[in-house]
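Engineer: build me a model from this:
(one chain, ligands or ions: 2)
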Amino acid sequence: MSKPLTIAMPKGRIYEEAAVLMQKAGYELGADLDESRKLILEFPEQNIRVMMAKPMDVVTYVEYGAADIGIAGKDVLLEQDRDVYEVLDLKISPCYVAVAGLPDQPLSRIAPKIATKYPKVASDYFREQGEQIEIIPLNGSIELAPLIGLADRIVDIVSTGRTLKENGLVEYEKITDITSRLIVNPVSYRLKSNDIEEMVAKLSEVMEGERQ
Ligand SMILES: Nc1ncnc2c1ncn2[C@@H]1O[C@H](COP(=O)(O)OP(=O)(O)OP(=O)(O)O)[C@@H](O)[C@H]1O
Ligand SMILES: O=P(O)(O)OC[C@H]1O[C@H](OP(=O)(O)OP(=O)(O)O)[C@H](O)[C@@H]1O
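Structural biologist: Ligands and ions are numbered 1, 2, ... in the order given. The predicted structure follows:
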């Protein structure tokens, strides 16, 4: 038998939907692996090995070849711009990146402050708009920044819109829609092409079935 395919799975929000999709494609990972404290799980009968990683780190494991394949949000891929192949839009964990802030606050001053955990996405967006901005990097609870006067706008993920609403913030512009993607290490793509193409074909078939 060939060497197992190593898959970097994101812990947290995306995990369950990703595991269900994998299961439908014939890869039984278990819906609750992310509740275990074990970080590497072997599935010899399916010839796969699963690594449980932080969503932001999945791309790193795949780029360095520590994992052959991974599942990552498009937000992370846009932000990190790494050397991996994005082979399939899994259409799971949908959300979008938007510019938000306090209502009725035009962006008038020079170099407005933009709080975000996506500095590249935010800089690229405002550069395209011809706006010079200052990035305030944060790691979470981004919505706090305009409330306490730390920033004029935020660039963050919106899903239900509840966080914005409950904090009295409004969306100004949508930057881009986000779903999770299947990514592949370029060397693995050559060396393990049969196994990888088989997985991509099975996942595509499941998604095709779900669209009908
Ligand atoms: N409402 C949402 N907020 C954030 N990310 C979302 C949302 N809905 C879907 N996603 C997707 O889930 C991914 C983040 O998953 P998760 O929240 O588990 O990770 P994280 O932000 O790294 O976790 P943590 O909050 O523990 O730092 C994003 O990269 C994005 O693609
Ligand atoms: O539109 P909603 O459904 O309210 O979802 C959006 C919120 O969810 C995420 O935060 P998360 O829960 O990951 O916490 P964080 O602020 O610590 O990143 C994101 O950063 C928004 O704050």
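
Engineer: and the residue nearest the centre of the chain, what does it touch?
Structural biologist: Nearest residue to the geometric centre of the chain (CA atoms, centre = their mean): Gly73, 1.6 Å. By CB atoms under 8 Å, 6 or more residues apart in numbering, Gly73 lies in contact with Pro10, Ile14, Pro55, Ser93, Ile178, Thr179, Ser180, Arg181. Heads up, the C-betas are built off the backbone N, CA and C, glycines and all.

Engineer: ok, which stretches of the protein are strands?
Structural biologist: Taking DSSP state E, the strands of the chain run over residues 5-10, 40-43, 48-53, 69-73, 85-89, 95-101, 113-116, 134-137, 153-158, 170-178, 180-184.

Engineer: using the record's domain definitions, break the protein down for me.
Structural biologist: For the chain, the structural domains run 5-93+179-211, 95-177, going by automatic domain parsing.

Engineer: would the first one count as contacting ligand 2?
Structural biologist: No - with CB under 6 Å from any ligand atom as the measure, domain 5-93+179-211 is seen stopping short of ligand 2, the closest distance being 7.2 Å.

Engineer: what does the shortest one give?
Structural biologist: Yes - applying CB under 6 Å from any ligand atom, one finds that domain 95-177 is in contact with ligand 2 at Gly140, Ser141, Ile142, Glu143, Asp156, Ile157, Val158, Ser159, Thr160, Gly161, Arg162, Thr163.

Engineer: for Leu102, see how far away the nearest residue to the fourth one once chain neighbours are set aside is.
Structural biologist: It refers to Glu143. Leaving aside its chain neighbours, Glu143 sits nearest to Asn167 (4.7 Å; criterion: CB to CB, 6 or more residues apart in numbering). According to CB to CB, to the nearest Å, Asn167 and Leu102 sit 9 Å apart.

Engineer: swap in Glu63?
Structural biologist: Distance from Glu63 to Leu102, by CB to CB: 38 Å.

Engineer: looking at those two, which is more packed in?
Structural biologist: A count of neighbours by other CB atoms under 10 Å puts Glu63 above the other of Glu63 and Leu102, at 17 against 14.

Engineer: kindly export stretch 86-94 (C-alpha atoms) in PDB.
Structural biologist: Provided in PDB are the C-alpha atoms of stretch 86-94 (Å, rounded to 0.1, in the frame of the first residue of the first chain):
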ATOM      1  CA  GLU A  86      -6.200  25.500  -4.200                       C
ATOM      2  CA  VAL A  87      -8.000  22.600  -5.900                       C
ATOM      3  CA  LEU A  88     -11.600  22.700  -4.800                       C
ATOM      4  CA  ASP A  89     -14.200  25.100  -3.400                       C
ATOM      5  CA  LEU A  90     -15.900  22.900  -0.700                       C
ATOM      6  CA  LYS A  91     -18.600  25.600  -0.300                       C
ATOM      7  CA  ILE A  92     -18.700  25.000   3.400                       C
ATOM      8  CA  SER A  93     -18.500  27.500   6.300                       C
ATOM      9  CA  PRO A  94     -19.800  30.400   4.200                       C
END
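
Engineer: list of residues touching it?
Structural biologist: For stretch 86-94, contacts defined as CB under 8 Å, 6+ apart pick out 13-14, 17-18, 21, 71, 73-74, 77, 159, 177-184, 196, 200, 203-204, 207.

Engineer: before I go, just wanted to say thanks for your time.
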